[in-house]
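J.: need the 3D shape of this:
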Amino acid sequence: MSQAKASAPAPRKSLRAWILADNVQRKLVMITFMAAPLLLLFLFTYFPFAKMVQFSFYKRTYLDPGYYVGWENYIDVFSRKEIFGSLWVSVYYMGGSIVQLSLSLFFASLMVFKVKGEGIYKACMFFPYLISGIAIGFIFKFFYARGYVLDTILHMFGIPMEDMPFWLRDMKINNICLVATSVWRYTGQQMVLFLGAMMSINSDLYEAADLDGANKWQQFRYIIIPSIKTIITLNLILSFSGSLSAFEPPYVITNGMFGTGTYFVTMNRIAYEDQKVGLACAMAVVLLIIIIICTVVEKVLMAWLFRDKYEVAAKKADKAAKKAKAAAAKGGAKA
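T.: Predicted coordinates for the structure are as follows:
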């Protein structure tokens, strides 16, 4: 009788008891809180991206559904000079991103080594990033305009007005002027990121370096740079991806004229002015692929530059030991 009772199946839980169980409650809370952001992410990111990829294979406008053309739009992206050629303008912005990275690293290092009035410097450097990009565009549009701020300043130093170039029309320097605008705006943002990473470094390392007689440059090279290599890689990736998608300075200041039209400005004109939605979508997909490739290359390059020689030597020694062990095991098996 007791054996029959022991082997009897456990009573099934009711739906209410199952829902009120602790592990089920935790899962329901997780699903409930994740449902809304995942739904929004799907509706406003993944679904539009899928439709963009679909539209890139069609020749269509915003109102006309058009017709399927296959890879024709992608061929146009690479064959039309005004489209793919505009990517070369991004080279100026990539060069500017290197200057921007160097300046932000320099200013952040100065503040780590305690300079007087660092709070004021920080505020002044970060302030341009808080201004709207459109407002900055209009500010520099008048700054570079003929006879305005920059020309007036140079004229005060004795440079004749007729000897000054047209800063926004001369195709030799206009892209450099626009890049300087981006450098002025984003240097403070990168400086704050670097400064936050540098402040997290253990101060005992600086004290030990001082006792060993290391100067500021040696502390910067052997303590700061290896400690913030992750932030350097992140800033470099963000700067290069931002260079490929530069839009506000050339659009607001020159409207893409005189050879200043970046890839994004050209894509905007094709999408909204020419109403060639399929071609613009193909341009966006190509830009995404280029950014992904550049990001992967940058990560590999930075990993190679910041590799630890002792760690590399240890890995090689470990690999050699494993090979020797395998060879010894083979020799013992044959014997």
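J.: for residue 270, give its distance to residue 177.
T.: Computed as Cβ to Cβ, to the nearest Å, the residue 270 to residue 177 distance reads 25 Å. For the C-beta atoms, the positions are set from N, CA and C on the backbone; glycine is no exception.
J.: next one: residue 245
T.: For residue 245, the distance to residue 177 equals 19 Å [Cβ to Cβ].
J.: you'd agree residue 57 is up against residue 67?
T.: No: between residue 57 and residue 67 there is no contact under Cβ atoms under 8 Å: 10.2 Å.
J.: who has more neighbours out of those two?
T.: Comparing residue 57 with residue 67 by other Cβ atoms under 10 Å, the one with more neighbours is residue 57, at 18 against 9.
J.: pLDDT at residue 60, what is it?
T.: Looking at residue 60, its pLDDT is 88.
J.: one step back: more crowded one of residue 245 and residue 177?
T.: When residue 245 is set against residue 177 and neighbours are counted by other Cβ under 10 Å, the residue ahead is residue 177, at 21 against 17.
J.: burial count for the nearest residue to that one once chain neighbours are set aside?
T.: Leaving aside its sequence neighbours, residue 177 sits nearest to residue 167 (Cβ to Cβ, 6 or more residues apart in numbering; 5.1 Å). Residue 167 has 21 neighbours, counted by other Cβ under 10 Å.
J.: ditto for residue 35
T.: The tally of other residues near residue 35 (other Cβ under 10 Å) stands at 10.
J.: got the contact list for residue 241?
T.: Residues counted as contacts of residue 241 (Cβ atoms under 8 Å, 6 or more residues apart in numbering) are 291, 294-295.
J.: so which of the residues you listed is the closest to residue 227?
T.: Lowest distance from residue 227 to the contacts of residue 241 (Cβ to Cβ) belongs to residue 295, with 22.7 Å.
J.: element containing the nearest residue to the closest one once chain neighbours are set aside, please.
T.: With sequence-adjacent residues excluded and distances taken as Cβ to Cβ, 6+ apart, residue 295 is closest to residue 237, at 5.4 Å. Element membership for residue 237 (DSSP states H and E) is helix 229-244.
J.: just the buried positions in that helix, please.
T.: For helix 229-244, burial by neighbour count (16 or more other Cβ atoms under 10 Å) applies to 231-244.
J.: tell me where the stretch 1-150 of the chain has strands.
T.: Remark: strands assigned in the stretch 1-150 of the chain by DSSP state E, counting those that start in this stretch are 58-59, 67-68.
J.: next, format the ones you listed as a markdown table and append distance to residue 80.
T.: Output for these, formatted as a markdown table (distance: least, Cβ to Cβ, whole Å):
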| stretch | distance to residue 80 |
| --- | --- |
| strand 58-59 | 14 |
| strand 67-68 | 20 |
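J.: quick one: closest of these to residue 188.
T.: The closest approach between residue 188 and any of those, judged by Cβ to Cβ, belongs to strand 58-59 at 43.0 Å.
J.: neighbouring strands of that closest one in the sheet, and parallel or not?
T.: For strand 58-59, the pairing partners within the sheet under DSSP bridges are strand 67-68 (antiparallel).
J.: which other helices and strands contact the helix or strand residue 175 falls within?
T.: Secondary structure assignment for residue 175, by DSSP H and E: helix 174-199. If you count contacts as 3 or more Cβ pairs under 8 Å, 6 or more residues apart in numbering; DSSP states H and E, helix 174-199 packs onto helix 90-112, helix 118-130, helix 133-144, helix 229-244, helix 248-249.
J.: got a list of contacts for the next helix or strand after that helix?
T.: Tracing the chain past helix 174-199, the next element assigned as helix or strand by DSSP H and E is helix 203-211. Contact partners of helix 203-211, identified using Cβ under 8 Å, 6+ apart, comprise 218-219, 222-223.
J.: perfect, I'm done here.
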